[in-house]
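J.: Could you look at this predicted model? Sequence included:
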Amino acid sequence: MKMTELDYKILDLLREDCRRPNTDMAKILGVSEGTVRAHVAKLLEDGIFSYGIYIDPKRVGSRVRTMMGITTKLGYQEQVAETVSSFPFVKYVGAISGNHDVIIQADFRDNEELFRFVNHVLPGIDGILTTDISIELKEFKNPVQSLGSNPEVKWVV
């Protein structure tokens, strides 16, 4: 799909407030509500964006956030990434280049849960050579906080 200037403007408005009604966006953009509705539907259909919710892990009992770099055996990167993706406490998985092959972000209720994952689960995953585990000390920015936080920042096209 070729993005139009209107598409980018709609996405900017949704980044500021994803619950903004189509009628409000139409007024701001000087187009009809039907035009906005059609563009939003097409953007959704083409997978340009999706709606979701952010759950603050600390407010629902996860107190230990980790970033883990995983080094895999040659040829095992995808298999390891898919396996660790299956755990509900793993929030992000990416295949990367550099010192590690897979990077994950995972939220644990406590250090004991992290300990069990590192010492009892990860060793059972075929293809893992080493792990490098960092524990978050303090969060300065999360994906939701970054949305709409600077209205001066616009799309670079």
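T.: Arrived safely.

J.: dump the residue contacts of Gly127.
T.: 72-73, 75-77, 79-80 (CB atoms under 8 Å, 6 or more residues apart in numbering). In short, each C-beta sits where N, CA and C put it, glycine included.

J.: Which of those are buried, as a ChimeraX select command?
T.: Buried subset of the contacts of Gly127, written as a ChimeraX selection, criterion 16 or more other CB atoms under 10 Å:
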select :72,76,77,79,80
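
J.: Out of the contacts of Gly127, which is nearest to Asn111?
T.: Asn111 lies nearest to Val80 out of the contacts of Gly127, by CB to CB, at 23.5 Å.

J.: right, and that closest one touches Thr72 too?
T.: Yes. Taking CB atoms under 8 Å as the definition, Val80 is a contact partner of Thr72 at 4.8 Å.

J.: Give me the common contacts of those two.
T.: Joint contacts of Val80 and Thr72 (CB under 8 Å, 6+ apart) are 101-102, 127-128.

J.: ok, so of the residues you listed, who is nearest Met68?
T.: Distances from Met68 to those, taken by CB to CB, are shortest for Val102, at 8.3 Å.

J.: what about that closest one, neighbour count?
T.: Neighbours of Val102 under the rule other CB atoms under 10 Å: 26.

J.: Specify the beta-bridge partners of it.
T.: Here Val102 shows beta-bridge partners Ile70, Ala95, assigned using DSSP bridges.

J.: residue contacts, the spatially most central residue of the chain?
T.: In the chain, the C-alpha closest to the average C-alpha coordinate belongs to Tyr92, at a distance of 6.3 Å (CA atoms, centre = their mean). Contacts for Tyr92 (CB under 8 Å, 6+ apart) come out as 103-105.
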